[in-house]
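*Asks:* what shape does this take:
(one chain, ligands or ions: 1)
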Amino acid sequence: MNFLPTLIGCFAKPVAENPTVVMMEAAFRHHGLHYLYVNMEVSPENLADAVRGAKAQGYVGFNCSLPHKVAVIEHLDGLGESARLIGAVNCAVKRGDQWIGENTDGKGFLNSLQEVADPNGQHVVILGAGGAARAIAVELALAGARKFTIVNRSEDRGMELTTHVTRNTPAAAVFAPWTGPFAIPEDAGVVVNATSIGLYPDVDVMPEIDLATLKPEMVVADVIPNPPYTRLFNEAENLGCKVLDGLGMLVNQGATNIEYWAGVSPDKGVMREALARLFG
Ligand code: NDP
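*Replies:* Residues are numbered from 1 along each chain as shown. Okay, here's the model as predicted:
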């Protein structure tokens with residue numbers, strides 16, 4: 001028997017059941033893809049070594065989460081268009097001998113939205129101005145959204161994203177300070193909760209908006225994946241709006257990762273089912 005040169009590791013399992021691992025492994029199994037998706041906790045001071053290790057061990061790519069989404073850029077050879085515009089990477093892809101940083105968070109949201117509406121020409125209200133809001137705003141602007149209203153608690157972050165969108169994309173953006181129940185402008189077509197409000201275990205809270213200003217023709221989307229049916233989701237659905245849960249964004253970004261790494265368009269239904277089972 002011939003043995004390839006290997007280094008076979010034994011490591012402690014870093015976390016309990018990680019939803020992304022469950023979702024990706026379900027897709028690999030379903031398509032008979034011989035890939036493994038493993039979750040490793042990496043501290044900021046070990047990021048450079050971890051990326052070197054991934055490259056040395058023949059990974060085809062990796063995801064990275066906060067706080068590595070910006071810091072990882074200096075360890076890569078180049079960036080895809082939206083990752084460059086967003087200034088953050090959540091997915092690294094080996095293309096030939098180059099490691100390219102992509103941002104699939106915004107693409108995941110865009111693909112989820114496109115299942116119910118076309119962002120082209122829309123006025124989009126985004127609640128929040130953090131990493132998720134930035135990825136969503138840039139990707140929707142690249143897909144033709146006409147205008148953004150960025151609603152945020154802290155003015156600094158809200159203004160920063162507003163200026164970023166105006167300067168770097170064809171869309172217009174205005175900042176609205178979040179000082180009380182926010183009234184959704186009448187011409188808005190899409191409303192997105194891109195804050196962490198409603199994330200488990202704080203499931204009873206919802207973003208402060210004037211529910212009377214939501215109209216049935218609006219799409220109301222929540223980025224919170226757990227629980228998938230947030231209070232905002234339920235209230236908007238009761239008002240007759242088209243609703244999108246955070247699983248849609250998560251599944252679609254995962255599907256794009258698999259397309260980049262394995263060249264296969266995975267069955268999103270299988271991925272969603274795996275998550276739905278996990279979140280009960
Ligand atoms: P950040 O920390 O970068 O940003 C958080 C945002 O939420 C900020 O705008 C912050 O406002 C706002 N915020 C938080 N708490 C409150 C509050 N009590 N009242 C008002 N505003 C608040 O986080 P991310 O953007 O990276 O992530 C946001 C959420 O998106 C997370 O819950 C994450 O799970 C989810 N997410 C989901 C994905 C999916 O695939 N479904 C993918 C990526 C993220 P301020 O600036 O004032 O602090």
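*Asks:* CA only for contacts and neighbour counts going forward, please
*Replies:* Fine.
*Asks:* which parts of the lengthiest helix in the chain are buried?
*Replies:* Secondary structure of the chain read by DSSP state H shows that its longest helix is helix 246-262. By 16 or more other CA atoms under 10 Å, the buried positions in helix 246-262 come out as 246-258, 260-262.
*Asks:* average pLDDT across it?
*Replies:* Helix 246-262 shows an average pLDDT of 97 in the prediction.
*Asks:* check which element follows it along the chain.
*Replies:* With elements assigned by DSSP states H and E, the helix or strand that comes after helix 246-262 is helix 268-279.
*Asks:* could I get the average pLDDT for that next one?
*Replies:* Mean pLDDT, helix 268-279: 94.
*Asks:* what's the answer for stretch 40-55, then?
*Replies:* In this model, stretch 40-55 carries a mean pLDDT of 96.
*Asks:* ends of that stretch, how far apart?
*Replies:* 15 Å (CA to CA, to the nearest Å).
*Asks:* likewise stretch 178-194?
*Replies:* End-to-end span of stretch 178-194 (CA to CA): 13 Å.
*Asks:* which residues are contacting that stretch?
*Replies:* Applying CA atoms under 8 Å, 6 or more residues apart in numbering, the contact partners of stretch 178-194 are 122-130, 132-133, 151-154, 207-211, 213-214, 217-224.
*Asks:* hang on, the earlier thing: any idea which of the buried residues of helix 246-262 is the one closest to the ligand?
*Replies:* The ligand lies nearest to L250 out of these, by CA to the nearest ligand atom, at 3.3 Å.
*Asks:* contact residues of the stretch 151-280 of the chain facing the ligand?
*Replies:* Residues of the stretch 151-280 of the chain lying close to the ligand by CA under 6 Å from any ligand atom are 152-154, 157, 194-197, 199, 223-225, 246-247, 249-250.
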